[in-house]
Structure formats: structure tokens, C-alpha cells
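Asker: Everything below, folded, please.
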Amino acid sequence: GMTVVPVDAASSPAEIITVAEACQASGMILSPKVFERVEGERVEWGATPLWHMPEVINFKGMSDRSKRASRLASIIFTSGTTGAPKGVMLSHRNFTFEVSRLAGIFGLTKHDHLLSVLPLHHTFEFSAGLLVPFAQGASVTYLDTLTPDALAGALKRGVSGLIGVPALWELLERRIENQLADAGALPALIFEGAKGVNLFLQEYAGVNVGALAAYPVHRALGGRLKHLVSGGAALNPEVMEFFRGLGFNLREGYGLTETAPVLTVSSPGSSWVAGSVGKPLAGVEIRIDCPDDAGVGEVLARGPNVMQGYYGDEEATSATMSEGWFKTGDLGRVDEEGNLFIVGRQKDVIVDRDGRNVFPDELEELYGNHEAISELSVVGVVQGDGNEKVACLIVLSDEGVEGSAGARARQRDAVRQHFRRVGEGMAYYKRVKILHFWEGELPRTATRKVKRSEVSALVERLERSRSALQSVTAIGDEGAGMEVARQLVASL
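Answerer: Numbers count the residues shown, from 1 in each chain. Predicted structure coming up:
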């Protein structure tokens, strides 16, 4: 009967406390692993009591709280777990609506077996990967340790469903292609021909012979995979076509935490439209606000899955909700058949390859507190692999360093150390990975707002010239966020 506030298990104690205080938590439930991890740290947990997971599971009490569908079920913080987080309030109706619609689309039965590889504190995995299969009597496997052997063993037991972010499907595609290349030119050529034929048959005859044509691949994946879903970030249409050619009906969904989270789902087979994230769920309305000549405008959504608002933040709620319509901040268009195409983001939020959101305003507040920093801007920079990384452009203070190259160098070193210290207190995917220094002011509008698009262009230019510039440092390497995907692919 309680309202649940899920938190990333990898969060630091400071981040956990920030969320607990923001939602006025009655208690914090810690798993044995998390408790063991934070026990050695000298943390002032404040007045919020700590509850051990085994004690909570064995609790025999009953709740007398209202069981109305509109009752608050969960508060999920989307703007990070530091600074001033925003808590998305989702009701039981939000979740049950998602379950009823998604269950009808995927047609799971008690004979289906799903493998969970995404974190449950995300609404995507919680709704589609936990609630939906449980409602249909299907089983879900959770691994104690995400090792290649454990993942390979789970797949061999006949997994029929897998939900992943684009990074997983892209790595899996490369894995399959590399193994084909190792087999020689002739097998690779035959495989490409079979894939092309299957795509043709799906398009013009509505027939899918991929399970036969690409039997070795299906066998390597357990032989039962039929429910594949990609979400959390945009999937490259070429990756979608690759799996369709193999005979897999990979679906792509679109949504946000504020919509619990799915708004649209693409259709498999011959009805698939390249580049589209599909049509709205039954009962969900999608509208394009102020479309331009190309039909592109902000995507608005309305339906029973839209949040109640942001916890304790009426101003933020009013800014994103109007007459039941939720302003997604994404730019898109809808074709004559009702298929939605996402073409960009109106908001400045950075989305990494695993679909996790990073909010520049939050990071600027955290990183900007240093005497040597005059101003800074945090942006997302898309790398050659298509991954959007967190980058920062800094203008150093001129105070006390006029004409002194040595003083300026010491400033840069001090700022780099400052960024490392700040980064240690937050989840890895939020940390600044690319850091550049800029001589001059940041590009601004007439109202003194930083032009993030121009900052991104500057960072990209500096990044391309980094071998010749001395004003750049890269903080960290490729993150642990891809580790689950790598382990899964390595096991195949």
C-alpha cells in the first residue's frame, strides 16, 4: 500500500539521501548488496530510517490505504539524483493501462520466458519487462551476476523475449556480422542473399522465412526468441532492417518516464515503416504542436498513462502539462497513416546509448562551483559511433592570471581535478567525458541565454582538432553502462 520511489542501485549515498529528502521518504529499503557497499562509508542518513530488504519481504502487516486506481503508485526521478531532482508521479491507473495495452500487442502467454537485462528502476523495464509478463503468467529470469556464462546459460534455456536498448541490438548485429566474416566470403554472401530474399518476401508476400534462412543465428540465440523490443533511445533503421532480414520481429517503442513510459509501438512484418516509432497505443492521443512546413513540431501526448505531475513542483507541472496534454519536448511528425517519426529533441536533455537521460542544467550547477571557472556549458556531443557523450566547454576566470601562461595552466589543472572530484560523487553516465577550454565568451542570444547548439558545434570542432590543441582533456573512458550489453553479446 506504499508509494515506491525506485533508485539506481549504483547510486552514491549522497544521491540516495537527496532523493529520500526530495520525496519525504518514510524509509529507505536497501538490498544486502547495497547495504554492504555503503556500510563502510561514514554516511549521515538523517532521520529517514533504513530498512533491510529481507525484513521488508517478511513483513506481515496489512495496509489500509485506499486502493483507488488514481492512487499514487510510484515517484520516479527523471532529472538525476543530485541537485534539484524532479519526481514523476505515476498512479496505479498509469501502470495498469500500460499493462493492458502492451499485453494485447505482444500476446505473451504462460509459456513465454523473458530475460531481463535492463535496470528495473527504469519505467521501460518495469512496465514492459516485469508487469506485462507477470500479468500474462509468463516467467522472467533475473541473473544474480551478469556474466557471459550466466547469460549464455539463460539463453540456452529457451528465452522467448528480450527487451533492450539500441546499444544491445547494435552490438549484437556487429557480433553476428563479425562471425560471418570469419566464416569466409562465401557463407557471408549466401547469408546476405538469404536476408535480402526474406526482406522481399515480407514486403510483398507477407511471408517470413528468416527462422529457416538464418537458422544458425536463431539456434545461437536459443531457438525461441520471438518477442524483441528496443526502447530508451532511437534505433538506427539499418539495425532494424538487419534483424527483420534474419526473421526477428523487432519492435521499437517510444515514450518517456512521464508516460509510464510507452506511447507508441512499431508493427512487425510488412506493416513496418522505416524510421517510424509506430502508432499510438489504443487510447493514447498524439498531436504535433505548431508544425512547420514539413509537418515537424513538438510532440504532445494525452491518455490514461500520462503522469499526475511532478512531485511538489507545481511550476514544472504547469510548464509541461496543458489541458491533459503532456509536452514531450521532442520534435516529430506524423504521416498520413498515423505513424510517428521522431526527428529531434526540443529539450536540451542528453540521451546516452543506453537511453539514460542527463540534464545539462543539473551538471552545470554541480561542476560550475569553482573559483577558476568564469562560465561553462554542458552539451551532448555525438561521436563517430553514434553515441552521445556528455561534454563541457569552459571559460576560465581572468582574475589574477593576466599575461601568465603558468597561472593559466595551473587553473586548467585545478579545474580538471575539480571535475574528477565532482564526478566521483555521481553515477558514471552523468559524468563529463569530454572537457574543453575556450578563450572568449560562450555564444549567447540577445537575452544572454547560452546557445547550446553553437557550443556543441564548437566542442565538435575542438574535438576533431584535439591532437593539435593543448586545451582539451578527456575525463574517463567508455562507461560501465554498456557492460551488460557487451556481456550479453560476448556470450553468444
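Asker: pretty sure residue 70 is in a helix, no?
Answerer: No: looking at residue 70 with DSSP: H, G, I helix; E, B strand; the rest coil, it is coil, so not inside a helix.
Asker: Tell me the pLDDT of it.
Answerer: Reported pLDDT at residue 70 in the predicted model: 90.
Asker: count of neighbours near it?
Answerer: 11 (other CB atoms under 10 Å). The way it works is simple: take the backbone N, C-alpha and C, and place the C-beta from them, glycine included.
Asker: Show me the helices in the stretch 1-150 of the chain, by range?
Answerer: 13-22, 32-39, 53-57, 92-106, 123-124, 132-135, 148-156 (DSSP state H, counting those that start in this stretch).
Asker: Dump the ones you listed to a markdown table, plus mean pLDDT, distance to residue 212 and mean neighbour count.
Answerer: Shown next, in a markdown table, are the helices of the stretch 1-150 of the chain (pLDDT from 0 to 100; distance: least, CB to CB, whole Å; neighbours: other CB atoms under 10 Å):
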| stretch | mean pLDDT | distance to residue 212 | mean neighbour count |
| --- | --- | --- | --- |
| helix 13-22 | 86 | 50 | 19 |
| helix 32-39 | 82 | 44 | 13 |
| helix 53-57 | 84 | 46 | 11 |
| helix 92-106 | 95 | 23 | 19 |
| helix 123-124 | 91 | 32 | 26 |
| helix 132-135 | 95 | 28 | 20 |
| helix 148-156 | 73 | 20 | 16 |
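Asker: With distance to residue 409 as added columns, please give the ones you listed in a markdown table.
Answerer: What follows is the helices of the stretch 1-150 of the chain, written out as a markdown table (distance: least, CB to CB, whole Å):
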| stretch | distance to residue 409 |
| --- | --- |
| helix 13-22 | 31 |
| helix 32-39 | 38 |
| helix 53-57 | 50 |
| helix 92-106 | 53 |
| helix 123-124 | 45 |
| helix 132-135 | 56 |
| helix 148-156 | 45 |
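Asker: looking at those helices, which is closest to residue 257?
Answerer: Residue 257 sits nearest to helix 123-124 of all those, at 5.1 Å, using CB to CB.
Asker: nearest to residue 394, of the helices of the stretch 1-150 of the chain?
Answerer: helix 13-22 (23.8 Å).
Asker: just the angle between that closest one and helix 32-39, please?
Answerer: Relative orientation of helix 13-22 versus helix 32-39 (axes from the mean of the first three to the mean of the last three CA atoms, to 10 degrees): 110 degrees.
Asker: can you tell me the helix or strand for residue 390?
Answerer: strand 388-396 (DSSP states H and E).
Asker: and what of residue 436?
Answerer: Going by DSSP H and E, residue 436 is part of strand 434-437.
Asker: next structured bit after that strand?
Answerer: Following strand 434-437 toward the C-terminus (DSSP H and E): helix 452-464.
Asker: counting contacts, what elements does that next one pack onto?
Answerer: Where contact means 3 or more CB pairs under 8 Å, 6 or more residues apart in numbering; DSSP states H and E, helix 452-464 is packed against strand 373-382, strand 388-396, strand 434-437.
Asker: Can you add distance to residue 134, mean pLDDT and mean neighbour count and give the ones you listed back as JSON lines?
Answerer: Listed next are the helices and strands packed on helix 452-464 as JSON lines, based on distance: least, CB to CB, whole Å; pLDDT from 0 to 100; neighbours: other CB atoms under 10 Å:
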{"stretch": "strand 373-382", "distance to residue 134": "35", "mean pLDDT": "92", "mean neighbour count": "20"}
{"stretch": "strand 388-396", "distance to residue 134": "33", "mean pLDDT": "94", "mean neighbour count": "23"}
{"stretch": "strand 434-437", "distance to residue 134": "41", "mean pLDDT": "95", "mean neighbour count": "22"}
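Asker: Reformat these as TSV; add distance to residue 308.
Answerer: Converted to TSV, the helices and strands packed on helix 452-464 look like this (distance: least, CB to CB, whole Å):
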stretch	distance to residue 308
strand 373-382	29
strand 388-396	30
strand 434-437	37
